[in-house]
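[1] Provide a 3D model corresponding to the input given below.
(one chain, ligands or ions: 1)
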Amino acid sequence: MMTAGIDSGSAATKAVLLKGTDMFFRIVPTGFDFRQAARDAYKAVLAEAREQAADHVAVTGYGRHGIEFATKTVTEITAHARGVSFMYPGVKGIIDIGGQDSKVIVVDSGKVADFQMNDKCAAGTGRFLEHTARALEVDVADLGRLALASNNPANISSMCTVFAESEVISLRAQGVAKEDIAAGLVESIARRVAAMAKPMGLKEHVALVGGVAKNEGIRKALERELGREIYVPPEPQITAALGAALLANR
Ligand code: ADP
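    Here you go, the predicted model:
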């Protein structure tokens with residue numbers, strides 16, 4: 001049996017295909033047409049596996065209600081809990097930082113025990129990093145590496161993305177090193193997310209997922225903020241799609 005999971009996100013659409021013990025995955029930009037992005041990602045994993053269709057397809061994420069080839073929908077919270085528990089059995093807390101929201105999920109024996117979500121404010125999400133990286137004239141994918149090279153993070157005090165962009169521009173004009181500004185941005189996100197995570201009482205076995213988890217600086221900054229080690233799975237952006245694929249035939 002073959003199952004697929006599609007995570008239709010605001011920034012990226014992720015597809016995972018499970019065929020026996022093999023896993024195929026693809027990440028495509030969502031763009032303006034989330035349905036087309038879902039079709040493209042699904043077709044890409046099928047082509048890689050040399051298959052025509054999966055037996056069951058579960059969709060999750062922000063665009064999950066509009067996808068015609070879905071046989072099931074699951075919430076992102078449930079999908080992440082399932083996907084991360086598969087990659088990291090025994091996980092007790094999940095921090096997901098995506099393009100437009102961030103979430104903290106408490107997991108008990110693979111099931112969701114509690115969660116919190118920030119989808120009101122871009123600060124603490126990938127969007128904050130995309131906008132401020134642009135102001136810094138660096139690729140968002142290079143921001144983490146740059147941040148790790150800093151010994152003296154700049155203080156980014158603005159919570160609002162628009163003000164933070166102006167702050168980046170003015171720090172650059174003052175001659176502050178790009179590395180230090182990048183580190184300041186990463187710390188700013190980590191502080192925002194930690195403020196949501198701390199009241200949830202995350203203890204041991206915490207995983208960081210979502211596209212922003214690919215930023216190597218974020219894990220370090222969050223570990224400092226939370227005072228504990230954090231695990232990042234090898235492909236942190238696909239955990240909800242993987243969870244959906246695992247739940248597709250349930
Ligand atoms: P969503 O589900 O909301 O679409 P994702 O979890 O797919 O969000 O994450 C998308 C975000 O991940 C983008 O906004 C971007 O900031 C960030 N991102 C994607 N790739 C990278 C990378 N290589 N390095 C750092 N950040 C990344």
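[2] tell me which residues touch residue 56, please.
    1, 3, 4, 71, 72, 248, 249 (C-beta atoms under 8 Å, 6 or more residues apart in numbering). To be clear about C-beta, it is placed using only N, CA and C from the backbone, and glycine gets the same treatment.
[3] any idea how far residue 135 is from the fourth one?
    Spelled out, that is residue 71. Relative to residue 135, residue 71 is positioned 43 Å away (C-beta to C-beta, to the nearest Å).
[4] give me the more crowded residue out of these two.
    Higher neighbour count among residue 71 and residue 135: residue 135, with 19 against 14, using other C-beta atoms under 10 Å.
[5] pretty sure the more buried one contacts residue 169?
    Yes. Using C-beta atoms under 8 Å, residue 135 is in contact with residue 169, at 5.5 Å.
[6] between those two, what contacts are shared?
    Here residue 135 and residue 169 have no joint contacts, going by C-beta under 8 Å, 6+ apart.
[7] need the pLDDT of residue 109.
    Looking at residue 109, its pLDDT reads 89.
[8] distance of it relative to the ligand?
    25 Å (C-beta to the nearest ligand atom, to the nearest Å).
[9] how about the contacts made by that residue?
    Residues near residue 109 by C-beta under 8 Å, 6+ apart: none.
[10] same thing with residue 208?
    Residues near residue 208 by C-beta under 8 Å, 6+ apart: 94, 95, 96, 97, 218, 219, 222, 230, 231, 232, 236.
[11] dump these into a markdown table; add distance to residue 144 as well.
    Formatted as a markdown table, those follow (distance: C-beta to C-beta, whole Å):
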| residue | distance to residue 144 |
| --- | --- |
| 94 | 20 |
| 95 | 15 |
| 96 | 17 |
| 97 | 12 |
| 218 | 6 |
| 219 | 9 |
| 222 | 12 |
| 230 | 14 |
| 231 | 16 |
| 232 | 11 |
| 236 | 12 |
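[12] tell me how many other residues surround residue 70.
    23.
[13] in what helix or strand does it lie?
    Per DSSP states H and E, residue 70 falls between elements, in no helix or strand.
[14] report the contact partners of it.
    Going by C-beta under 8 Å, 6+ apart, residue 70 touches 6, 57, 58, 59, 64.
[15] closest to the ligand among the contacts of residue 56?
    The closest of these to the ligand turns out to be residue 4 (C-beta to the nearest ligand atom; 16.9 Å).
[16] near that closest one, how many other residues are there?
    Look at residue 4: counted by other C-beta under 10 Å, it has 30 neighbours.
[17] go on, residue 54?
    Other residues near residue 54 come to 26 when the count uses other C-beta under 10 Å.
[18] contacting residues for it?
    2, 3, 4, 17, 46, 248.
[19] repeat the analysis, applying 6 Å as the threshold.
    Contacts for residue 54 (C-beta atoms under 6 Å, 6 or more residues apart in numbering) come out as 2, 3, 4.
[20] which SS state does the last one fall under?
    Read that as residue 4. At residue 4, secondary structure determined by DSSP: H, G, I helix; E, B strand; the rest coil is strand.
[21] now for residue 96: which residues touch it?
    So residue 96 contacts 80, 103, 209, 210 (C-beta under 6 Å, 6+ apart).
[22] repeat that for residue 244.
    Taking C-beta under 6 Å, 6+ apart as the contact definition, residue 244 lies against 5, 58, 60, 74, 79.
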